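*Asks:* need coordinates for the below:
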Amino acid sequence: MAKKTTLRIVSTGKKKSGGDGKNNRSTGKYDNELGRRIRLRRIELGISQSELGEKLGVSFQQVQKYEKGMNRVGAARLQQVATALDVPVTFFFDGDGKSREVDSLLFIDSSFSLRLLRAYASVKSQAVQRQFVSLIESIAANE
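*Replies:* You can find the predicted model right below:
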């Protein structure tokens with residue numbers, strides 16, 4: 001009786017790469033920028049990650065990954081995001097003539113900037129607003 005020999009393939013658990021060690025499908029700086037713009041618009045509209053996730057049919061964790069640039073946003077999903085956030089798809093890219101406007105709004109991407117803007121907007125007197133701006137400018141000049 002002959003003994004059967006079976007071959008077993010043992011995996012090392014390492015992923016194969018294209019040779020340069022970099023995964024071509026990994027996220028990059030464009031994904032990070034796209035995520036920042038998604039977050040910017042979501043905050044501007046005052047909706048939560050959960051609410052956006054419901055509109056897109058994904059979890060809030062997935063929205064979080066898109067915003068942090070950890071996961072890539074495909075073309076169809078980007079169209080859904082644009083529709084949910086009520087902007088054209090071009091909002092998320094440079095070169096549409098509004099890039100300066102978008103760049104100026106990107107600084108809002110921190111809690112301190114939002115607090116500063118809300119405090120300024122709550123001041124009713126234009127004279128006090130001017131003093132507020134002068135104070136901030138003088139502080140910035142001394143930095």
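
*Asks:* since we're on residue 37, how many residues are nearby?
*Replies:* 22 (other Cβ atoms under 10 Å). For glycine as for every other residue, the C-beta is placed from the backbone atoms N, C-alpha and C.

*Asks:* and the gap between it and residue 52?
*Replies:* According to Cβ to Cβ, to the nearest Å, residue 37 and residue 52 sit 13 Å apart.

*Asks:* got it, and residue 83?
*Replies:* From residue 83 to residue 52 the distance is 11 Å (Cβ to Cβ).

*Asks:* ditto for residue 115
*Replies:* 22 Å.

*Asks:* more neighbours: which of the two?
*Replies:* Legend: neighbour count by other Cβ under 10 Å for residue 115 and residue 52, higher for residue 52 (25 against 10).

*Asks:* just the pLDDT at the more buried one, thanks.
*Replies:* In this prediction, residue 52 carries a pLDDT score of 95.

*Asks:* residue 36 too?
*Replies:* We note a pLDDT of 88 for residue 36 in this prediction.

*Asks:* then the one 3 residues further on?
*Replies:* At residue 39, the pLDDT value in this model is 91.
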